[in-house]
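# I'll drop the sequence and a predicted model, then ask my questions.
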Amino acid sequence: MARFSLLNGVADLMMLILIAWALQDGSKNSWMWAIIGGLVIGFASAVPWFIFPICYLGIVGITQRFKSRIWQSPILAMMIITAIGTILLLVTEFIALQIMGINLKFSESLTRTILPSMLLNLLFAFPIYVLIREINKLIYPVKNE
């Protein structure tokens, strides 16, 4: 999704897929996919490799929590968790880069990276949710009784 950028922000397709998958009723292995996806993205990223698996596991945990509380409106849950997940992930990346010695201003990171990334993630959240819901229906068909 690096081609879909706004200022310095990019859409996080892996995070959106993980959230959408974890919100599905018959979905399994959300935790495993969070670790695998986090490792893949982590090793391809400039931040320390462990940031993405930890954040993705946290996002899947939040999603599981929301799923049990807002089960009647999964689209609303998708949007809320996408916003929370984007902030969690990008603020964690910002802190990791600060620890690594890369001096960034938070206000500039907020306006040039975090907010544009959130906008792109929210824009792609609904189509990703619909796509993952259809894939989930194909993998785990509901049996009529």
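Received the coordinates, thanks. As the structure is a computational prediction, the values presented were derived from the model and not from experiment.
# Could you list the residues in contact with the helix or strand hosting Ile128?
Secondary structure from DSSP states H and E places Ile128 in helix 115-139. Identification of contacts with helix 115-139 by CB atoms under 8 Å, 6 or more residues apart in numbering yields 1, 4-13, 15-17, 19-21, 23-27, 74-75, 78-79, 82-83, 85-87, 90. From N, CA and C alone the C-beta is placed, and that goes for glycine too.
# How about stretch 63-72?
Stretch 63-72 is contacted from outside by 18-19, 22-23, 30, 74, 76-77, 80-81, using CB under 8 Å, 6+ apart.
# Out of these, list just those in helices.
18-19, 22-23, 30, 74, 76-77, 80-81 (DSSP state H).
# I'd like a version of the residues you listed in JSON lines, one that adds neighbour count, distance to Leu119 and pLDDT as further columns.
Listed next are the ones in helices among the contacts of stretch 63-72 as JSON lines, based on neighbours: other CB atoms under 10 Å; distance: CB to CB, whole Å; pLDDT from 0 to 100:
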{"residue": "Leu18", "neighbour count": "27", "distance to Leu119": "19", "pLDDT": "94"}
{"residue": "Ile19", "neighbour count": "31", "distance to Leu119": "16", "pLDDT": "94"}
{"residue": "Ala22", "neighbour count": "25", "distance to Leu119": "22", "pLDDT": "92"}
{"residue": "Leu23", "neighbour count": "24", "distance to Leu119": "21", "pLDDT": "91"}
{"residue": "Ser30", "neighbour count": "21", "distance to Leu119": "25", "pLDDT": "88"}
{"residue": "Pro74", "neighbour count": "18", "distance to Leu119": "21", "pLDDT": "86"}
{"residue": "Leu76", "neighbour count": "11", "distance to Leu119": "18", "pLDDT": "88"}
{"residue": "Ala77", "neighbour count": "22", "distance to Leu119": "19", "pLDDT": "89"}
{"residue": "Ile80", "neighbour count": "17", "distance to Leu119": "15", "pLDDT": "92"}
{"residue": "Ile81", "neighbour count": "28", "distance to Leu119": "16", "pLDDT": "93"}
